[in-house]
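A.B. asks: Quick one, what's the 3D model for this:
(one chain, ligands or ions: 1)
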Amino acid sequence: MYSQIIDTIKQYDTIIIHRHVRPDPDAYGSQIGLKYILDHNYPQKRVLAAGEHDYNMDFLDFPDIVEDDDFEGALVIVTDTANTDRIDDQRYRSGAKLVKIDHHPNDDDYGDICQVDTKASSSSEMIYELFTYGQVEENWSMPDAGARLLYAGIIGDTGRFLFPSTTQKTFDVAGELIKYDFDRNELHNGMYEMDRKLLHLQGYMYQNFQMNEDGAAFVKITKDILAKFEVTPADTSLLVGSLGNVKGIKAWVILIEEDSEIRVRLRSKGPVINTLAKEFGGGGHPMASGAVAYSWDEADRVIGRLKEICAKA
Ligand code: AMP
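C.D. replies: Here you go, the predicted model:
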């Protein structure tokens, strides 16, 4: 399949790469990392990264401005996005051909070519694999900026190699990527340094989460709390994993109140929780998934189901 993707890339003059809304380092890493690789190896092609910029990703990179006309006859590649409604910039439909490259469960099998590998730690790891095919088949080389983006995506999605999705291959790929010239310390600081306000909210979470004897935990972050700590819902993404440090925790949900909905962010150290996310119209990975609730009653039902799942685990 990777060879087929490379053959397809060769056929198009304009390539537009998309990723999911509410981007994280793997979304940017796979999208803009691929852009750098293609730019570098096909300087005559126009390669653009679509989607709205999130200021939390300022340290990493920026997408491009893509005009409607750019899509005419273009190849569209979507990375790291399981379902079409989460693709950032719905103009992805206006391209001539569509390729999906993703590591989430393939619930929405979109694209003329669909390369899904749920065993890959990250979509960035998959882009590296695509690159290795390009290296052999087309003599591709890796620009430093591409290596930096892919490395960021891998450490982002593996929680710095801690999550069970990390494999020997993940380490091998990371080992290859750090051979390139980029400032790893600066990147790590950009990813993990937190604003004081956010750390104060983290303190609030540690003081206020509730956990039962089955290791099911939750914490509610209301609009009032966000206002009190002067933090936006998007800023909280760095805090979602922090409850994983709690001894005895099996799975947890962080409920973040936004203007008209409540973000449900689920994480697990064992029980599968994406089935629960799906029950509430969401999805994601077995150990990291999310959904949206439209009332605190609905959010409480998520907590109730999480408790049932942990009780059985
Ligand atoms: P997050 O808590 O936002 O980091 O989300 C973790 C994972 O859950 C993401 O990689 C997505 O695949 C998935 N996810 C989060 N929210 C949703 C949603 N509303 N619908 C489908 N999948 C979601």
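A.B. asks: Around the ligand, pick out the residues from the stretch 151-300 of the chain.
C.D. replies: Proximity of the stretch 151-300 of the chain to the ligand (CB under 6 Å from any ligand atom) is limited to residues 237, 240, 265, 282-285, 288-292. From N, CA and C alone the C-beta is placed, and that goes for glycine too.
A.B. asks: Output these as CSV; include the columns secondary structure.
C.D. replies: Below are these laid out as CSV (DSSP: H, G, I helix; E, B strand; the rest coil):
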residue, secondary structure
237, helix
240, helix
265, strand
282, coil
283, strand
284, strand
285, coil
288, strand
289, strand
290, strand
291, strand
292, strand
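A.B. asks: so what pLDDT did residue 208 get?
C.D. replies: Looking at residue 208, its pLDDT stands at 98.
A.B. asks: And it, how close does it get to residue 217?
C.D. replies: Using CB to CB, to the nearest Å, residue 208 is found at 11 Å from residue 217.
A.B. asks: Could you do residue 200 as well?
C.D. replies: Separation of residue 200 from residue 217 (CB to CB): 20 Å.
A.B. asks: Neighbour count for these two, which is higher?
C.D. replies: Neighbours of residue 200 and residue 217, each counted by other CB atoms under 10 Å, are more numerous for residue 217; the result is 24 against 14.
A.B. asks: Who are the packing partners of the one helix or strand residue 300 maps to?
C.D. replies: Using DSSP states H and E, residue 300 sits in helix 296-312. Counting contacts by 3 or more CB pairs under 8 Å, 6 or more residues apart in numbering; DSSP states H and E, helix 296-312 is packed against strand 216-221, strand 251-257, strand 262-268, helix 274-279, strand 288-293.
A.B. asks: how about the strands in this structure?
C.D. replies: All strands of the chain, identified by DSSP state E, fall at 14-18, 46-49, 75-79, 97-102, 113-116, 210-211, 216-221, 251-257, 262-268, 283-284, 288-293.
A.B. asks: closest one to residue 303 among these?
C.D. replies: Closest to residue 303 of these is strand 216-221 (CB to CB; 4.9 Å).
A.B. asks: List every C-alpha atom in that closest one, with coordinates, as PDB.
C.D. replies: Coordinates of the C-alpha atoms in strand 216-221 are reproduced here as PDB (Å, rounded to 0.1, in the frame of the first residue of the first chain):
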ATOM      1  CA  ALA A 216     -12.400   4.300  38.000                       C
ATOM      2  CA  ALA A 217     -11.700   8.000  38.400                       C
ATOM      3  CA  PHE A 218     -13.100  11.300  37.100                       C
ATOM      4  CA  VAL A 219     -12.700  15.000  37.500                       C
ATOM      5  CA  LYS A 220     -15.100  17.700  36.300                       C
ATOM      6  CA  ILE A 221     -13.600  21.000  35.100                       C
END
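A.B. asks: What is it packed up against?
C.D. replies: helix 196-208, strand 210-211, strand 251-257, helix 296-312.
A.B. asks: Please work out which of those is packed deepest.
C.D. replies: Compared across these, strand 251-257 shows the largest average neighbour count, a mean of 25 (mean count of other CB atoms under 10 Å).
A.B. asks: returning to that earlier point: now the helix holding residue 300, how far from the centre of its chain.
C.D. replies: Distance of helix 296-312 from the chain centroid (CA atoms, centre = their mean, to the nearest Å) equals 24 Å.
A.B. asks: hmm, back to that, got JSON lines for the helices and strands packed on helix 296-312, with mean pLDDT too?
C.D. replies: Shown next, in JSON lines, are those (pLDDT from 0 to 100):
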{"stretch": "strand 216-221", "mean pLDDT": "98"}
{"stretch": "strand 251-257", "mean pLDDT": "98"}
{"stretch": "strand 262-268", "mean pLDDT": "97"}
{"stretch": "helix 274-279", "mean pLDDT": "97"}
{"stretch": "strand 288-293", "mean pLDDT": "96"}
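A.B. asks: Now do the buried residues in stretch 177-189.
C.D. replies: With burial defined by 16 or more other CB atoms under 10 Å, the residues of stretch 177-189 counted as buried are 177, 182, 187.
A.B. asks: With distance to residue 68 as added columns, please give the helices and strands packed on strand 216-221 in TSV.
C.D. replies: Shown next, in TSV, are those (distance: least, CB to CB, whole Å):
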stretch	distance to residue 68
helix 196-208	37
strand 210-211	49
strand 251-257	34
helix 296-312	38
